[in-house]
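A.B. asks: Got a sequence here, can you build the structure:
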Amino acid sequence: MSATKVSAVVAAASFIAFGGAPPVHADPLGPDQQWGINGTFLTSSNGDWAQLNQRYEDQPSTRSTWTISTQCVSPSDCTGTVNSDAGWSAPIYTTNGLWYVKRKVPNWRFCADGVPVEGFQTFKFYPVGANGHVDVEATEYAGYDKTIGPSGSCGRNQWPVIEMPFYMKPAG
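C.D. replies: Numbering: from 1, shown residues only. From the prediction side, this is the model:
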């Protein structure tokens with residue numbers, strides 16, 4: 001080994017041995033805090049812009065408070081739970097930068113004869129910046145709230161579908 005290589009090895013070893021290199025530590029926040037959604041959020045589904053089977057028709061708007069807890073193994077692999085002050089809990093997960101919350105809604109709608117119809121509600125949202133575009137650093141989220149009932153309910157061979165804009169921001 002040449003004298004230059006020996007000098008380089010000795011210099012590198014001395015640098016490391018005497019604290020020249022910063023110690024390697026895990027991120028104190030952990031991946032959960034960097035990639036997940038955790039905390040209390042205010043949500044709104046805007047019924048003024050609702051569509052019933054792809055036709056605009058006003059529906060009641062809803063507002064609620066969600067407490068979200070997620071754990072992540074990567075930016076694109078997070079799972080957790082949403083607890084709503086409306087009295088329900090549902091799983092939350094992310095795929096390709098989009099967040100999903102899916103749940104069954106008992107007695108979602110009622111047929112003319114009073115028979116209840118169960119719905120399947122999906123919230124799909126993403127982090128959005130002040131300009132309305134995706135911003136992975138944003139703490140506010142936009143997307144949609146879509147509920148689908150079973151085909152054939154109320155004697156119609158069609159799924160009843162209500163979709164409306166959804167917005168979520170941190171509480172406080």
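A.B. asks: Can you pull up the most central residue in this protein?
C.D. replies: Centroid-nearest residue in the chain, with Cα atoms, centre = their mean: Trp99, separated by 3.1 Å.
A.B. asks: low-confidence ranges in this protein?
C.D. replies: 1-33 (pLDDT under 70).
A.B. asks: what are the ranges of the helices in it?
C.D. replies: 3-17, 30-35 (DSSP state H).
A.B. asks: for Thr122, what are its contacts?
C.D. replies: 100-102, 145-148 (Cβ atoms under 8 Å, 6 or more residues apart in numbering). Where you see a C-beta, it was placed from the backbone N, CA and C, and this is true even at glycine.
A.B. asks: Quick one, which of the residues you listed are buried?
C.D. replies: 101, 145-148 (16 or more other Cβ atoms under 10 Å).
A.B. asks: Would you mind listing the residues in contact with the residue nearest to Pro116 when sequence neighbours are not counted?
C.D. replies: Distance criterion Cβ to Cβ, 6 or more residues apart in numbering; nearest residue to Pro116, sequence neighbours excluded, is Asn107 at 4.3 Å. With contacts defined as Cβ under 8 Å, 6+ apart, Asn107 is in contact with 116-118.
A.B. asks: Put together a markdown table for those, with neighbour count and distance to Gly47 on each row.
C.D. replies: Below are those laid out as a markdown table (neighbours: other Cβ atoms under 10 Å; distance: Cβ to Cβ, whole Å):
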| residue | neighbour count | distance to Gly47 |
| --- | --- | --- |
| Pro116 | 12 | 20 |
| Val117 | 17 | 18 |
| Glu118 | 13 | 20 |
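A.B. asks: out of those, who's nearest Leu42?
C.D. replies: Closest approach to Leu42 among those (Cβ to Cβ): Glu118, at 26.9 Å.
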